[in-house]
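Colleague: Output the structure for:
(chains A, B and C)
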Amino acid sequence: MSNLLKKDWFGLGLVIILGSIIISFFKPAFVSPFNLYVLMLSVSLMLVVAMSQMIIIAIGQMNLSVGAIGGLVAISFTGLMEVYDLSILPAMFIGLGIGIICGFINGYITVKTGISAFIITLATLYIFKGMNLGITEAQPFYEIPEAVKYFGNAKIFGPIPYLIIIPVIITFLMWVLMNRTSLGRYMLAYGNNVQSSELMGISSTKIVVYAHIISGLLAAIGGMLVVCRLQLGTPNIGDSWLLPSFAAPVIGGAILAGGKVDVIATAFGVILVAIISQTLVIFKIDPFFVQIFLGFMILIAVFINRYREYREERRNKVFSNE
Amino acid sequence: MSKNILELANVTKNFPGVKALDDANFRLKKGSIHALLGENGAGKSTMIKIITGVYKQDFGDLIINYNKKSFSSPNEANKSGISVVHQERNLIRRFSVGENLMLNNLPKNNLGLIDYDQVAEQSQKWLDIMDLDINPNTIVSELTVAKMQLCEIAKALSLESKILLLDEPTSSLSPQDTKNLFSLLKRLVKEQDVSIVFVSHKLEEVFEICDEVTVLRDGKNACESENIKNLDRQKLVKLMIGRDEQIIKSKENKNTLNENLLELININTDLGHKEISLSLKKGEILGLYGLVGAGRTELIKCLLGLDKIISGKLILNKEEIIIHSPQQALEKFKIGYISEDRKKEGLILMHDVLTNSGITVWSKLKKILYFLNNSIIYNHVDPYVKKLEVKTPSYKQLVSNLSGGNQQKISVAKWLASGTDILFIDEPTVGIDIKTKAYLHELIINLSKNGTSIILITSDMPEMIGLADRIITMKDFKVVGETVNNHNYDDMSASIMANIHE
Amino acid sequence: MKNKIPDFVKTNQFGLLLLVIVFILLFTFTTDGFSSRFNIYALSRVVAIDIMIGLAMMVVILTGGLNLSLGALGVSAAMFGGWCMESMGIPISISIVLILIFGSFLGWINGYVTVKTGVHSFIVTLATMSIYFGFMTLLTEAEAFRKLPEAFTDFGSMKLFKKYISPLLLLSILTCFILYYLFKFTDLGRKLIAAGANPDAAELSGISVSRMFIYCHMLSGFLAAVAGIMLTARIGAAIPSMAGHLGFDWLLPAFLAPVIGGTLLSGGKVTVFGTMLGAILVTLINNGLYLIDVGEFWVRFFLGLILLFAVLLDRAREYFTSKNSIVS
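Modeller: Residues are numbered from 1 along each chain as shown, chains lettered A, B, ... in the order given. The predicted structure follows:
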């Protein structure tokens, strides 16, 4: 039990359950099938985006270009199908490939130059976004195959959308990656302590490049999922991803200095953000409040994480003088 | 005779302005515990860094098992079986003990995923060898420092390291922990076929567990791989300190009847200082002696308001004061601090000489509307920079391009320029050439003659005995003794040592 | 070195100045319309604001941090100004003072939270960006203020020097001189730089580093508010979307100008005129790209490339200068 309490996701899970009960008590519409369906859709999309940022936070960096990669892949995916008449699978694989290449560029430049990932991904943000706009001239692609539309909007049963399948699988795989594979553990080790991980013979280049590639890949998947959902490929897909991509991991207890991320807690962070946004809508509160709320939640989460870190440090200090 | 597992032959290493190692030798016999001794700045850490692949020597050879080696990174040294045991530095704090031990070779199940049961089981083996009662699933950050250190050793063993370097391993351990560590080290040498390089300031420890001793002094061998049985404590101290070239013009003991300027009464701090009481008289040099980790620098930082004083009184000129920040210390109470770490805390390396030497006086010199230009600063600091004979092509020179000695002169000059009444001077001559060192000694004496009160922290015993009027000895964040300095080296060193070792 | 080259020739700024001149000549002779009165006037209005935005970012980069909320903050301040002037009918001069106080206050929030939590300013300003922008849209209901006093909007469309130059540019250049004075000739400016260069050493030398960092963020808010006012005057209205969603459109020029100008991202160095020249260069290239007809959508792509190129160049310069200093 005490072990459970220590987990980042436990408190969040509790908040989610209690919050949902309270909200549905005041507004039974909250648990209506339609609302649950909408909730699950938004969770599905943001899960992938949050994971894409989380893996970069794990190595102690940040990726501003997550949305730009998602957008570029989204329009490439739809453009290939509309303009070049490619079928779904090849278009999808090319889309994934673009995500991987974008991620590789981010990671490779960052690790080889030693320049902060912030500025590199800011530059690539504009490069990818510029390519997006240059290709589309700001016009959406509308001709999407029916199968894609169906996947984005049909339900498996009850309120559960097909769309949720991929994010759930990804979340599971990410959990495996971060908890059960050497690569994931090395990423965390690198984020924790670059020096000692290098001392152990862990290659920085490999770790950073892989993390960015996975981030790019996930952003690509996120972009294509949005296409399924919207039934069109607009150039502004990904524009609003930045904030929620940081919000969920940080709410999930991730420390931006690196080395500490929790996949389940991040997923719960996504759910929490989605519930709150949805609740504000149900209570007919101005949608701009969502923005403000998100900002405050990040600040509060940062405060809490910081406080916990501080407490841990103090505990160690006291110990060492005994 | 047993074989040499590690050898440094005629190694020289230069840094800008300093010869850190000068034709130094070192031979570690297989299955022995070898003490590497020397004062701060004698070249120990440079030698360790060469052995562990952080630095590359300019001349000479590094020989392991009779093969010449050249490491380009610490990882390569690691692969050749050399591990440094730091305190808590090489562990991934958020990982479990077991995972840390097995990180290079995490056991996998059939699916290629990490098998944590196996991790625990396999790491348990190394913990057992060390007789360590730690659950391998414990997260490292939850361990005590002593246990972290033992985990580091376990990790080194798990990497099949045959040479362990222990750098001041006991500095933050309790006597009981130290005892356990030593019996473990002895057992490892016997049973696990490892050889150990042991670096420590505590001579009694050296006599307790080491077989051989190498002493460095100013980058040269004061003795090389000497059997410990041929030495006694006094000989060893003499080897470390050398004394011949370090005769400091002893200072006349001034009238200690001067009144107290600064007084600490039963100070307890957030960092763990217990009931610290001491007083500093006007124009006096008060020495604070102690081993690494005795809490001297930490005490000063608490006095400057960087860490909290929990209880006790701080009295300046008979008035009780509270210092919230170094800014207040400087501007309101005229107290300054010359840091021991001039690169990190003393200087702004990326800025020029003028900026660095004037930083403490900007507030004082500013004119109306905060106006302050270079020539105002120049006029004020130039006399001090000249007085200290700082060698720099111009005031525009970046401090990072100066030699260590000149850098130190600048970090002293800025405090001279600030005209403080009280100066805390922390290890002023570490890593500094002899000429500058002598110069700084003279300067400190003159300062006190002119009425500045000084608290001097130094681990350099002759320096302490040469300069201080009174010497306070600290240990484990407590004051353990106070002696009026009679400037007789043998008397004083004996009494200080007696204080430290009860 | 015997034949003495003046110091300024060796500086980054001088190289930038040459580049600016080269580009001006290039565009003058290869494109139609670059040197037209209309184009130069338009350029002067654009560059004025980009300089201000660049300076606003520069003063935070000085601390080794950054300010993502810059655009949101600037627009919030501008909208606040619109509200003061249009809805409340407060006189222009008082409104402007209020706007500047408001901007500094938002900057203070950024600085205070950053210093108190010890978290990197990136995440703090990411959050405040969302908060400022959210409140702004909420309170204005995403409506613009379009009936600003004429005296105010006239200033934005005023033409000086035979109608070649906007007074906005003069304002920006004046700001550069004031900042240059601050950093070069005042006690406060020196302390700001020292605190950014090595916080530990600065603190132990008697500088209150947290206060300096808060000042930097306040100054950033102040300058962003000035940029907001200038943009409002230029457009003739205060529009919530004038810096894009969350004010993100300002971020690229905000980073481009100081980085090209030679400001170190790790802090401790400012180049006021470098930032100015950086902003001019970016505006020139931007303008040139339009004139040679790359298509407006590709402009962003090229600016991203330029930023990437600039940081790589910066890194290379650092690498070589550090080599030099070891030799000398």
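
Colleague: Work out for me the element the residue in the stretch 101-250 of chain A that chain C sits nearest to sits within.
Modeller: Across the stretch 101-250 of chain A, no residue is closer to chain C than residue A:130, which sits at 2.6 Å (C-beta to the nearest C-beta). The C-beta positions use only the backbone N, C-alpha and C, and glycine is treated the same way. Of the helices and strands defined by DSSP states H and E, residue A:130 is found in helix A:117-136.

Colleague: What is that helix packed up against?
Modeller: The contact analysis (3 or more C-beta pairs under 8 Å, 6 or more residues apart in numbering or on different chains; DSSP states H and E) places helix A:117-136 against helix A:66-83, helix A:88-113, helix C:251-261, helix C:296-327.

Colleague: Pick out the shakiest of those, pLDDT-wise.
Modeller: Taking each of the helices and strands packed on helix A:117-136 in turn, the one with the lowest mean pLDDT is helix C:296-327, at a mean of 72.

Colleague: The helix or strand where residue B:10 lies pairs with which strands?
Modeller: Using DSSP H and E, the element containing residue B:10 is strand B:4-15. When pairs are called by DSSP bridges, strand B:4-15 turns out to pair with strand B:18-29 (antiparallel), strand B:59-64 (antiparallel).

Colleague: Could you check the shortest one and say which residues are buried?
Modeller: Taking 16 or more other C-beta atoms under 10 Å in any protein chain shown as the neighbour-count basis, strand B:59-64 is seen to contain the buried residues B:60, B:62-64.

Colleague: Go through those and name the one nearest chain C.
Modeller: For the buried residues of strand B:59-64, the nearest to chain C is residue B:60 (21.9 Å; C-beta to the nearest C-beta).

Colleague: Distance of the closest one relative to residue A:15?
Modeller: Counting by C-beta to C-beta, to the nearest Å, the separation of residue B:60 from residue A:15 is 63 Å.

Colleague: again with residue B:68
Modeller: As defined by C-beta to C-beta, residue B:68 lies at a distance of 62 Å from residue A:15.

Colleague: between these two, who's got more neighbours?
Modeller: Here residue B:68 and residue A:15 are compared on neighbour count by other C-beta atoms under 10 Å in any protein chain shown; more neighbours surround residue A:15, at 15 against 10.

Colleague: Helix or strand for that one, just tell me which one.
Modeller: Secondary structure assignment for residue A:15, by DSSP H and E: helix A:8-26.

Colleague: re earlier: I'd like the buried residues of strand B:59-64 laid out as TSV, including pLDDT.
Modeller: As requested, the buried residues of strand B:59-64 are arranged in TSV below (pLDDT from 0 to 100):
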residue	pLDDT
B:60	89
B:62	89
B:63	89
B:64	87
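
Colleague: and which of those is nearest residue B:357?
Modeller: Proximity of the buried residues of strand B:59-64 to residue B:357 was ranked by C-beta to C-beta; the top entry is residue B:60 with 37.9 Å.

Colleague: and the closest one, what does it touch?
Modeller: Taking C-beta atoms under 8 Å, 6 or more residues apart in numbering or on different chains as the criterion, residue B:60 is in contact with B:8-12, B:23-24.

Colleague: Report the buried members of the residues you listed.
Modeller: B:8-9, B:11, B:24.

Colleague: wait, is residue B:272 part of a strand?
Modeller: No: with DSSP: H, G, I helix; E, B strand; the rest coil as the criterion, residue B:272 is coil rather than part of a strand.

Colleague: Return the distance of the helix or strand residue C:221 falls within from the chain's centre.
Modeller: For residue C:221, the host element (DSSP H and E) is helix C:209-235. When C-alpha coordinates are averaged (C-alpha atoms, centre = their mean, to the nearest Å), helix C:209-235 and its chain have centres 9 Å apart.

Colleague: got the angle for it vs helix C:251-261?
Modeller: Interaxial angle, helix C:209-235 versus helix C:251-261 (axes from the mean of the first three to the mean of the last three C-alpha atoms, to 10 degrees): 120 degrees.

Colleague: so for whichever strand or helix holds residue B:443, what's the average pLDDT?
Modeller: In this structure, residue B:443 is located in helix B:434-449 according to DSSP H and E. Mean pLDDT, helix B:434-449: 84.

Colleague: Can you give me the buried ones in it?
Modeller: Of the residues in helix B:434-449, those with enough neighbours to count as buried (16+ other C-beta under 10 Å) are B:436-441, B:443-445, B:447-448.

Colleague: May I see those residues arranged in TSV, with distance to chain A as well?
Modeller: Written out in TSV, the entries for the buried residues of helix B:434-449 read as follows (distance: C-beta to the nearest C-beta, whole Å):
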residue	distance to chain A
B:436	32
B:437	32
B:438	37
B:439	36
B:440	33
B:441	33
B:443	35
B:444	31
B:445	35
B:447	34
B:448	33
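
Colleague: picking that back up, going by distance to chain A, which of the buried ones among the contacts of residue B:60 wins?
Modeller: Out of the buried ones among the contacts of residue B:60, the member with the shortest distance to chain A (by C-beta to the nearest C-beta) is residue B:8, at 21.0 Å.

Colleague: Point out where the stretch 1-150 of chain A drops to low pLDDT.
Modeller: Applying pLDDT under 70 to the stretch 1-150 of chain A picks out residues A:1-6.

Colleague: So which residues on it come close to chain C?
Modeller: The stretch 1-150 of chain A has residues A:62, A:109, A:113-116, A:118-120, A:122-131, A:133-134, A:136-138 near chain C, with proximity defined as C-beta under 8 Å from any C-beta of the partner chain.

Colleague: go on, the stretch 351-500 of chain B?
Modeller: B:351, B:355, B:359-360, B:362-363, B:365-366, B:369-373, B:398, B:400-401, B:414, B:418.

Colleague: Recalculate using a threshold of 6 Å.
Modeller: The stretch 351-500 of chain B comes close to chain C at residues B:351, B:359-360, B:362, B:366, B:370-373, B:401, as judged by C-beta under 6 Å from any C-beta of the partner chain.

Colleague: who wins for most neighbours among the residues you listed?
Modeller: Of those, residue B:359 is surrounded by the most neighbours, 28 neighbours in total, counting by other C-beta under 10 Å.

Colleague: Can you tell me what sits against the helix or strand bottoming out on mean pLDDT in chain B?
Modeller: Least confident element among the helices and strands of chain B, by mean pLDDT, DSSP states H and E: helix B:233-241 (a mean of 76). The contact list for helix B:233-241 (C-beta atoms under 6 Å, 6 or more residues apart in numbering or on different chains) reads B:37, B:39, B:203, B:215, B:222-223, B:462.
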